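# can't give you the sequence, but here's the structure:
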Ligand code: MF3
Ligand code: CO
Ligand code: CO
């Protein structure tokens, strides 16, 4: 199966869904505080997506082959949870780091983005992990342009993570996105530069590195969804949906409150 190329008109659809996903993250940011539960954050995001934005939360009842339908509208992964954390009734506490992953469907198009949030003041290690992982996302994005190879993205991410003493999760990757939540290609966050399919203008996919403070190995919790680090070390993730252009990448999940490129000249 080939990687499908989107027309400008199709990318316009993903751009709208993507901006809305970014705006959900902007909206929820001030609520991420000690004492709030991830279940409450889920309810707030759900209402915002459905009532304010008129879109559908893609995670709710999402059931890829081999999975039970996902029970909530967002993913909330705290501390050693790597991804797909199911919102629950445990309050966040000072020092927690939490990834909120939002995927909207608007007019049939998907937009997928996640950010890290720090509850109060976190440890130096936790802050560094969040920062380096954000840098990994942007170094991956910097590789994107027509003519580059898919492996260039993973190689740049892996290099930065490992140079800083962290490890890259292997089992989950970025993905093509459009009318479906997950489509080809698989965007690995590790690998070799100069390998893999050539990037062509009009490809749309996510980059969403999951970086662990300890070892790369993961396990799945009994809920069938939540992924944690096997060694229970901290894990961080950042995600954007991007379109390949002739000269670079267009980030489709930007919003007013999205953190900017950490490597941009001041
Ligand atoms: N948003 C996740 C991703 O970036 C996928 C979540 S699947 C869910 O690919 F069912 F857990 F929501
Ligand atoms: Co994604
Ligand atoms: Co996501």
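Everything's here; your move. It should be emphasised that the depicted structure is a prediction, and the values quoted were computed from it without experimental measurement. Numbers count the residues shown, from 1 in each chain. Ligands and ions are numbered 1, 2, ... in the order given.
# Identify the bridge partners of residue 239.
residue 114 (DSSP bridges).
# correct me, but it touches residue 111?
No - using Cβ atoms under 8 Å, residue 239 is not in contact with residue 111, being 10.6 Å away. Where you see a C-beta, it was placed from the backbone N, CA and C, and this is true even at glycine.
# Looking at those two, which is more packed in?
Neighbours per residue (other Cβ atoms under 10 Å) separate residue 239 from residue 111, with residue 111 holding more: 29 against 23.
# does any bit of the helix or strand hosting that one sit next to ligand 3?
Residue 111 belongs to strand 109-118 when assigned by DSSP states H and E. Yes - remark: strand 109-118 sits within contact range of ligand 3 at 112, 114, by Cβ under 5 Å from the ion.
# Could you pull up the contacting residues of the closest residue to ligand 1 within the stretch 51-200 of the chain?
Minimum separation of the stretch 51-200 of the chain from ligand 1 (Cβ to the nearest ligand atom) falls at residue 59, amounting to 2.9 Å. Neighbouring residues of residue 59 by Cβ atoms under 8 Å, 6 or more residues apart in numbering: 70, 72-75, 101, 103.
# who wins for most neighbours among the residues you listed?
Ranking the contacts of residue 59 using other Cβ under 10 Å puts residue 103 first, with 31 neighbours.
# For that one, what are phi and psi?
phi -130, psi 120 (degrees, to the nearest 10).
# can I assume it is in contact with residue 60?
No - look at residue 103 against residue 60 with Cβ under 8 Å: they stay out of range, at 9.7 Å.
# Could you measure from the closest residue in space to residue 48 that isn't next to it in sequence over to ligand 1?
Closest residue to residue 48 apart from its sequence neighbours, by Cβ to Cβ, 6 or more residues apart in numbering: residue 27 at 5.3 Å. Per Cβ to the nearest ligand atom, to the nearest Å, residue 27 is found 17 Å from ligand 1.
# show me what contacts residue 27?
Applying Cβ under 8 Å, 6+ apart to residue 27 gives the contacts 44-45, 48, 52.
# Phi, psi for it please.
phi -60, psi -40.
# same thing with residue 154?
phi -60, psi -40.
# Count the residues that sit near it.
By the criterion of other Cβ under 10 Å, residue 154 has 26 neighbours.
# same question, residue 139
Counted with other Cβ under 10 Å, the neighbours of residue 139 add up to 21.
# Need the contact partners of the helix or strand it falls within.
Using DSSP H and E, residue 139 sits in helix 124-142. The contact list for helix 124-142 (Cβ under 8 Å, 6+ apart) reads 95, 97, 116, 118, 122, 153-154, 156-157, 160-161, 164, 166, 189, 207-211, 213, 234-240, 242, 249, 251, 259, 261-263.
# That one - what's its average pLDDT?
Here helix 124-142 scores 98 as its mean pLDDT.
# so where do the strands sit in the stretch 151-266 of the chain?
Remark: strands assigned in the stretch 151-266 of the chain by DSSP state E, counting those that start in this stretch are 167-168, 174-176, 183-187, 204-207, 210-212, 218-220, 227-229, 235-237, 240-244, 249-251.
# Could I get the ones you listed in TSV, plus columns for mean pLDDT?
Below are the strands of the stretch 151-266 of the chain laid out as TSV (pLDDT from 0 to 100):
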stretch	mean pLDDT
strand 167-168	99
strand 174-176	98
strand 183-187	98
strand 204-207	99
strand 210-212	99
strand 218-220	98
strand 227-229	99
strand 235-237	99
strand 240-244	99
strand 249-251	98
